[in-house]
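J.: please find the sequence and the predicted model below.
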Amino acid sequence: MTEEPGVIAATTSEYSDYYYDQINFTNLSPCSDGSTKAFSGVFFPILYSAVFIVGLIGNALVLWVLIRKRHRSSLTDVCLLNLALCDLLFVASLPFWAHGAAQEWVFGSLVCRTVSGLVVTALYSSVFFMVLMTLDRYVIVVYEHSICSRKPAKMTLALFVWMLSVFISLPNIVFAKVNNEMNIKTCVSEFPEGTAWMSFTFMCMNVLSLILPLIITSFCFCRIISIKSEENQSIVRLLIAVLVVYFLFWTPVNIVKFLKFLQTKGYMLLCEWHISLSLAMLWVEAIALSHCCLNPIIYICAGHKFRREVLTALKEFPSCFSESTTRSPQSPEYSSTLIA
């Protein structure tokens with residue numbers, strides 16, 4: 001779209017009415033950069049396709065290894081298994097986002113709500129399971145017992161995490177819709193004007209997926225690292241790597257969303273801010289979604305047990321769910337994991 005000279009340098013008053021009425025900033029607007037849509041339509045489908053392939057194979061492999069040894073799983077293993085399920089939910093959404101980036105959303109409102117629900121639920125579930133793993137490792141190192149060691153308790157705890165994640169995600173699911181702006185259909189979450197739903201979802205995302213997990217995990221690992229434990233070093237290193245990569249890939253999304261939230265409150269209303277944040281949002285969302293293929297790579301690089309289990313599973317294929325394994329005698333079940 002060609003803009004008149006001086007549009008980029010427009011005053012706040014010229015655009016305040018337009019921006020203040022917008023709940024979402026994901027659609028093209030009168031001051032959008034047309035090259036942004038053209039670029040994303042070529043690059044992001046390729047990126048999402050590559051992440052889809054790597055994420056599907058990697059997380060399926062993690063599930064395969066953990067399910068094979070399910071009879072000797074610790075709480076950490078249960079969390080890692082559910083973390084792989086979360087990543088697979090992200091992976092399942094990628095073909096839809098890839099098609100939407102290349103053309104437009106053609107799948108209807110029901111699929112829009114479903115895919116949006118998958119992404120938000122997977123986000124909350126993944127961070128909750130990472131926090132749970134950290135807390136369990138903290139209790140093991142400091143108090144020398146697990147949060148829960150019995151299988152029914154582990155399954156109940158995992159189910160509670162999933163139910164909590166779905167509950168928190170409900171506003172994003174309910175208000176997801178197909179928006180037809182300037183004859184381009186997009187899947188967005190549009191919250192009713194004059195309500196607190198947007199502020200609520202924004203606060204939930206920032207507090208529950210970034211601030212609170214960062215505080216809890218930082219405290220736990222500071223205490224864990226201060227206690228010398230040769231037995232737990234490999235597990236702690238792996239968990240730290242998983243958490244660091246998560247925060248690196250998802251923190252930019254929270255920052256850009258915060259800036260866009262300020263726009264809805266009447267700040268940073270210049271056209272140049274809108275163009276910059278719209279482009280930034282495309283990139284940080286793509287980076288965040290790409291995270292779903294990285295955990296298996298971390299396990300392969302940092303988890304010697306995982307590499308060994310993968311090789312063993314491949315040798316035993318196709319009887320990959322056999323029970324012919326030996327329990328490690330050197331440590332209690334709750335203090336070990338099948339990954340690290």
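T.: Now that the structure is in, tell me what you want to look at.

J.: use CA for all of it now, contacts and neighbours both
T.: Noted.

J.: ok, which stretches of the stretch 1-150 of the chain are helices?
T.: Taking DSSP state H, counting those that start in this stretch, the helices of the stretch 1-150 of the chain run over residues 12-20, 34-68, 75-102, 108-143.

J.: an error on my part: the question was meant for the stretch 201-340 of the chain.
T.: According to DSSP H, counting those that start in this stretch, the helices that the stretch 201-340 of the chain contains are 212-226, 233-264, 271-290, 295-302, 304-316.

J.: excluding its backbone neighbours, what's nearest Val78?
T.: Lys154 (7.2 Å; CA to CA, 6 or more residues apart in numbering).

J.: thinking again about what came up before, adding distance to Asn180 and mean neighbour count, write the helices of the stretch 201-340 of the chain out as a markdown table.
T.: Shown next, in a markdown table, are these (distance: least, CA to CA, whole Å; neighbours: other CA atoms under 10 Å):
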| stretch | distance to Asn180 | mean neighbour count |
| --- | --- | --- |
| helix 212-226 | 36 | 15 |
| helix 233-264 | 20 | 18 |
| helix 271-290 | 17 | 19 |
| helix 295-302 | 36 | 19 |
| helix 304-316 | 47 | 16 |
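
J.: I'd like those helices laid out as a markdown table, including mean pLDDT.
T.: Output for those, formatted as a markdown table (pLDDT from 0 to 100):
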| stretch | mean pLDDT |
| --- | --- |
| helix 212-226 | 93 |
| helix 233-264 | 91 |
| helix 271-290 | 88 |
| helix 295-302 | 91 |
| helix 304-316 | 79 |
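
J.: distance to Leu61 for those - can I get that in JSON lines?
T.: Output for the helices of the stretch 201-340 of the chain, formatted as JSON lines (distance: least, CA to CA, whole Å):
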{"stretch": "helix 212-226", "distance to Leu61": "27"}
{"stretch": "helix 233-264", "distance to Leu61": "17"}
{"stretch": "helix 271-290", "distance to Leu61": "18"}
{"stretch": "helix 295-302", "distance to Leu61": "8"}
{"stretch": "helix 304-316", "distance to Leu61": "8"}
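
J.: do you know which of those helices lies nearest Phe202?
T.: helix 233-264 (7.8 Å; CA to CA).

J.: hmm, back to that, which of the helices of the stretch 201-340 of the chain sits closest to Phe52?
T.: Among the helices of the stretch 201-340 of the chain, helix 271-290 sits nearest to Phe52 (CA to CA), with 8.6 Å.

J.: show me what that closest one is packed against.
T.: helix 34-68, helix 233-264 (3 or more CA pairs under 8 Å, 6 or more residues apart in numbering; DSSP states H and E).

J.: export those helices to a markdown table and tack on distance to Val141?
T.: As requested, the helices and strands packed on helix 271-290 are arranged in a markdown table below (distance: least, CA to CA, whole Å):
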| stretch | distance to Val141 |
| --- | --- |
| helix 34-68 | 23 |
| helix 233-264 | 10 |
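
J.: tell me which of those lies nearest to Leu338.
T.: The closest of those to Leu338 is helix 34-68. By CA to CA, the value is 7.1 Å.

J.: low-confidence ranges in the stretch 101-250 of the chain?
T.: Within the stretch 101-250 of the chain, the stretches with pLDDT under 70 are 228-231.

J.: so how far is the helix or strand harbouring the residue nearest to Val78 off the chain centroid?
T.: Assigned by DSSP states H and E, Lys154 belongs to helix 151-174. Computed by CA atoms, centre = their mean, to the nearest Å, the chain-centroid distance of helix 151-174 equals 15 Å.

J.: same question, stretch 179-186
T.: 26 Å.

J.: chain neighbours aside, what residue packs nearest to Arg91?
T.: Actually, residue 91 is Val. It isn't Arg. With CA to CA, 6+ apart as the criterion, Val91 has its nearest non-adjacent residue at 5.4 Å, and that residue is Phe52.

J.: where's that neighbour relative to Ala153, distance?
T.: Distance from Phe52 to Ala153, counting by CA to CA, to the nearest Å: 33 Å.

J.: the more surrounded of these two?
T.: Phe52 (24 against 13; other CA atoms under 10 Å).
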